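Colleague: Just need the structure, nothing else, for what follows:
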Amino acid sequence: MIPVADSHAHVNPVRGLGAGEVARRFRNAGGWFIALVSLQPSAYGVEGSNVEAYVQAALIHARECGRAREEGLRVYCLAGFHPAEVDKLIDRNGLKPLEVLELGFKVLEELSKLVDRGEIDGIGEVGRQHYRTASERVLVANMILEKAIEIARDKDIVVHMHLEQAGEATVELVDVITRRLNAKKEKLVFHHAEPRVAVEATRRGYQATIPGIPKLLEHVLENLEPTYTLESDYLDDPKRPGAVTTPWDMANNIARIATKSKDIEEKVYRINVDNIAKTYSVRPP
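Modeller: Modelled structure (predicted):
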């Protein structure tokens, strides 16, 4: 069975299957590694627009990461401040943009402490909105992203970045920040990247994860150099079943496509083992 890695997924013990069941299904399909990324506090039933709510959500997520490890998976556990939270906190909670910026910075400071305590491994997801919104809101989200990259530089940890998909421009905007902060490119991951973003990001020394949906899998595995990783972006929410795909469906599809040729099989190994090892410093047991 070909070892498969999922570079970005979510689990929800309140609304969904939870990490234990997700990990079991993924492992049975050949999964060996998964990067688990926290959800917003409200997804876990945690209400509030304060630091405590985000820390509580991060700790719930950290426990889920532990359950996935108990099922035999290698896990990289990330918690963050999603850029969509900027708009939600302004529109639904009545915060002003600068109040959201202050909150985001405080949340990242607390997440940094959780890294120090070994509760989580990295930060994610942070970044910029992928939809149209007010310019000051994008600026707030981008400043929070910069703070996360700064913390990643100091802690030598991975950051998963949720960004707009504007090809070379998206990568260049991150590159400007990275150069200014003297951050490590290999620790910055372009999450849910379109192929053109992934190609440009990896060409410049970053990592990128491409959604492992059937219509994309065959194209990227057959045509792109294996410089990227693959993700399910699974939400573990019965109201949005397989919004992108499930980790186990992705693994099964990868295994099916890998049988087409020795060349694709070798690409699959590099994507799912070598590239994961490079970014997360872990290999299959």
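
Colleague: Strands of the stretch 1-150 of the chain, residue ranges please.
Modeller: Secondary structure of the stretch 1-150 of the chain, counting by DSSP state E, counting those that start in this stretch: strands at 4-9, 31-37, 74-79, 122-127.

Colleague: would you turn these into CSV with distance to residue 23, mean pLDDT and mean neighbour count?
Modeller: In this view, the C-beta of every residue, glycine as well, is placed from N, C-alpha and C. As requested, the strands of the stretch 1-150 of the chain are arranged in CSV below (distance: least, C-beta to C-beta, whole Å; pLDDT from 0 to 100; neighbours: other C-beta atoms under 10 Å):
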stretch, distance to residue 23, mean pLDDT, mean neighbour count
strand 4-9, 10, 98, 29
strand 31-37, 7, 98, 27
strand 74-79, 8, 98, 25
strand 122-127, 18, 97, 28
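
Colleague: Just the CA atoms of stretch 198-212, as PDB, please.
Modeller: Extracted C-alpha coordinates of stretch 198-212, given in PDB (Å, rounded to 0.1, in the frame of the first residue of the first chain):
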ATOM      1  CA  ALA A 198       1.700  25.800  -6.300                       C
ATOM      2  CA  VAL A 199       4.200  25.800  -9.200                       C
ATOM      3  CA  GLU A 200       5.300  29.300  -8.600                       C
ATOM      4  CA  ALA A 201       5.500  28.900  -4.800                       C
ATOM      5  CA  THR A 202       7.600  25.700  -4.900                       C
ATOM      6  CA  ARG A 203       9.800  27.200  -7.600                       C
ATOM      7  CA  ARG A 204      10.700  29.900  -5.200                       C
ATOM      8  CA  GLY A 205      11.400  27.500  -2.300                       C
ATOM      9  CA  TYR A 206       8.000  27.500  -0.500                       C
ATOM     10  CA  GLN A 207       5.700  24.500   0.000                       C
ATOM     11  CA  ALA A 208       2.200  24.300  -1.400                       C
ATOM     12  CA  THR A 209      -0.700  21.900  -1.000                       C
ATOM     13  CA  ILE A 210      -3.100  21.200  -3.900                       C
ATOM     14  CA  PRO A 211      -6.600  20.000  -3.200                       C
ATOM     15  CA  GLY A 212      -6.800  16.200  -3.800                       C
END
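
Colleague: follow-up on the earlier one: and the strands of the stretch 1-150 of the chain: which comes nearest residue 238?
Modeller: Of all these, the one in closest proximity to residue 238, counting by C-beta to C-beta, is strand 4-9 (15.7 Å).

Colleague: ok and that closest one relative to strand 122-127, angle-wise?
Modeller: When axes from the mean of the first three to the mean of the last three C-alpha atoms, to 10 degrees is applied, the directions of strand 4-9 and strand 122-127 differ by 60 degrees.

Colleague: before we move on, the earlier item: now for the strands of the stretch 1-150 of the chain, which one comes closest to residue 223?
Modeller: Taking C-beta to C-beta as the criterion, residue 223 comes closest to strand 4-9 out of the strands of the stretch 1-150 of the chain, the separation being 19.3 Å.

Colleague: Neighbouring strands - and their directions - for that closest one?
Modeller: strand 31-37 (parallel) (DSSP bridges).

Colleague: Of the strands of the stretch 1-150 of the chain, which is nearest residue 95?
Modeller: Checking the strands of the stretch 1-150 of the chain against residue 95 by C-beta to C-beta gives strand 122-127 as the closest, at 17.4 Å.

Colleague: packing partners for the closest one?
Modeller: The criterion is 3 or more C-beta pairs under 8 Å, 6 or more residues apart in numbering; DSSP states H and E, and the helices and strands that strand 122-127 contacts are strand 31-37, strand 74-79, helix 97-116, helix 135-155, strand 159-162, strand 188-191.

Colleague: Show me the one of these that comes nearest residue 264.
Modeller: Distances from residue 264 to each of those were compared using C-beta to C-beta; the minimum, 18.8 Å, belongs to strand 31-37.

Colleague: Determine the angle, from 0 to 180 degrees, between that closest one and strand 74-79.
Modeller: For strand 31-37 against strand 74-79, the angle between stretch directions is 10 degrees (the same axes, to 10 degrees).

Colleague: now strand 31-37, how far from the centre of its chain.
Modeller: Offset of strand 31-37 from its chain centre (C-alpha atoms, centre = their mean, to the nearest Å): 10 Å.

Colleague: Outside of that strand itself, list whatever touches it.
Modeller: Residues outside strand 31-37 that contact it (C-beta atoms under 8 Å, 6 or more residues apart in numbering): 3-11, 19, 23, 26, 61, 64-65, 68, 73-80, 124-125, 158, 160, 231, 247-248, 251, 272, 276, 280, 282, 284-285.
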